[in-house]
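Student: A structural model of the following input is requested.
(chains A, B, C and D)
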2 protein chains.
Amino acid sequence: MARILIVEDEDRIAAFLAKGLSADGHQVSTVADGLAGLEEALSGAFDLMVLDIGLPTIDGFEVLDQLRAQGSRMPVVVLTARDSVHDTVSALEGGADDYLAKPFRFAELRARIHVRLRQQDRTDAEVGELRSGSVGLDLRTRRLRVDGRESDLSAREFALAEVLLRHPGQVLSRAQLLDLAWGMDFDPGSNVVDVYVGYLRKKLGSARVETVRGMGYRFQP
Amino acid sequence: MARILIVEDEDRIAAFLAKGLSADGHQVSTVADGLAGLEEALSGAFDLMVLDIGLPTIDGFEVLDQLRAQGSRMPVVVLTARDSVHDTVSALEGGADDYLAKPFRFAELRARIHVRLRQQDRTDAEVGELRSGSVGLDLRTRRLRVDGRESDLSAREFALAEVLLRHPGQVLSRAQLLDLAWGMDFDPGSNVVDVYVGYLRKKLGSARVETVRGMGYRFQP
DNA sequence: TGTATCCATGAGAGCTCTCTCATGGACCCC
DNA sequence: GGGGTCCATGAGAGAGCTCTCATGGATACA
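Tutor: Below is the predicted model:
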């Protein structure tokens, strides 16, 4: 499941795409003009954008340009009626990840969307960010983002946060946490884990780390 | 400049591609059959592959399949005479990053190749390891590897090491280092940089960070 | 309700990290 | 060689991090 933004002013096509992609299990939103599309894209609420070139207010090239200028790396699949090499090249060099000329087969669009989502997942998994709902952990800068607000983590807090986020919904015993976040395979005879869970809760929000009495702790996605 | 592998059995097309891509400054190799193409691709000597589907020995789908099965993530642009939705989808779902049907415009192929190389660069830059000769800096675990031996770095040492490794052979002034590794745009009036260069030298080996009298420091790759 | 167990948290010791400062050595130029 | 500038480095202050410990509250269960 991915969150897909469709920016397309022809209702018939937008509806067709929305229907098809929803049927694949994606969460789809549709917008009909360029400026609104850009805003939505920048909101961070989507994983991929399908972008038409001929749009009201500002055209697709401009949307793409602004999006990249703002630093967004959201995958963008450009979709247009103009089938010229010049446009294709412009879009691709302008930061699009793929380009399809109308008329196109839905199966092909779907396949191309899947490739971009797959790449994104791979990148996210390797680098970037560990996400769970409104919580994001930037593995590179070691910062935590919760509902848009960022905070710094100490080395140990980061290790613990990473372990919890990598096992969402799963109960982890103190021994497991000591092993995974501290690298200890023995019981230090103290309550370090409890203390650090306490520290993390202050930054993450108390409700997100649930204590399972007698068992350990669980991160709530 | 990228190292591009062309796997194509039609000499005329292979030569045309090789010529065009070489003219763009890429280093191009051509192979005419599937098995040889797979071997070359797995050698790790290339940054991207342009792959024809109809090939002797084993076809392009099979090459792609084996390549991905071996864990390679090399970007692959599939190029074929068969213009069917079924083939397009098969190739894309099978691990291709892009698909063009012949006849195609060279400008479009070039643009699509550039997109894949750009993505790859981005990923390389973000993830993994920063390498320079026998020195490697793991951006994920923040450990330094020198001639096989590993050592831990403090946060500031890591920041400084990263800056130096990202500018191999380049003289960086104290002001530049303060800016890039400390985020300071002013002179703190102390010799922090000197001190941290000293710390790094202990872990990196003295010879690898050269001091350029009156100018700053330079990392020797 | 009473009791035992389990958990949350404030206080604080010890350590590491970061930075400053002072000193002495290295280097350059005349 | 002398004098001045630049750099390397040991010592140490202060801050933050990591962990321990003790206390009191929460929870489960008879």
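Student: only C-alpha atoms for contact and neighbour calcs from this point on.
Tutor: Noted.
Student: Please parse chain A into its domains.
Tutor: For chain A, automatic domain parsing gives the domain ranges A:3-126, A:130-219.
Student: buried set for stretch A:53-70?
Tutor: A:I53, A:G54, A:L55, A:I58, A:D59, A:G60, A:F61, A:V63, A:L64, A:L67, A:R68 (16 or more other Cα atoms under 10 Å in any protein chain shown).
Student: Kindly report the same for stretch A:102-122.
Tutor: Buried-residue list, stretch A:102-122, by 16+ other Cα under 10 Å: A:E108, A:L109, A:R110, A:A111, A:R112, A:I113, A:V115, A:R116, A:L117, A:Q120.
Student: State the mean pLDDT of the helix or strand harbouring A:L79.
Tutor: Taking DSSP states H and E as the definition, A:L79 sits inside strand A:76-80. Across strand A:76-80, pLDDT averages out at 92.
Student: what bridges to A:D98?
Tutor: Beta bridges link A:D98 to A:V77 when assigned by DSSP bridges.
Student: What residues does it make contact with?
Tutor: A:D98 sits next to A:V76, A:V77, A:V78, A:L92, A:R112, B:R112 when contact means Cα atoms under 8 Å, 6 or more residues apart in numbering or on different chains.
Student: What is the nearest of these to DNA strand C?
Tutor: A:V76 (38.2 Å; Cα to the nearest atom of the strand).
Student: What separation is there between that closest one and A:V115?
Tutor: Per Cα to Cα, to the nearest Å, A:V76 is found 12 Å from A:V115.
Student: And the residue sitting nearest the centre point of chain A, how far from A:D194?
Tutor: For chain A, A:D47 is the residue whose C-alpha lies nearest the centre (Cα atoms, centre = their mean; 5.2 Å). Distance, A:D47 to A:D194, using Cα to Cα: 35 Å.
Student: now A:D147
Tutor: Taken as Cα to Cα, the span from A:D147 to A:D194 is 24 Å.
Student: More neighbours: these two, which one.
Tutor: A direct count of neighbours by other Cα atoms under 10 Å in any protein chain shown for A:D147 and A:D194 places A:D194 higher, at 14 against 11.
Student: And the more buried one, how close does it get to A:L160?
Tutor: 11 Å.
Student: what does A:M215 give?
Tutor: Separation of A:M215 from A:L160 (Cα to Cα): 17 Å.
Student: Next: A:G169.
Tutor: Following Cα to Cα, the distance that separates A:G169 from A:L160 is 15 Å.
Student: Counting neighbours around each, name which of the two comes out higher.
Tutor: A:L160 (22 against 15).
Student: Run through the residues that contact that one.
Tutor: Going by Cα under 8 Å, 6+ apart, the list of residues near A:L160 reads A:L177, A:A181, A:Y196, A:V197.
Student: residue contacts, the first one?
Tutor: Read that as A:L177. By Cα under 8 Å, 6+ apart, A:L177 lies in contact with A:L160, A:V163, A:V193.
Student: Since that was my last question, I'll sign off now.
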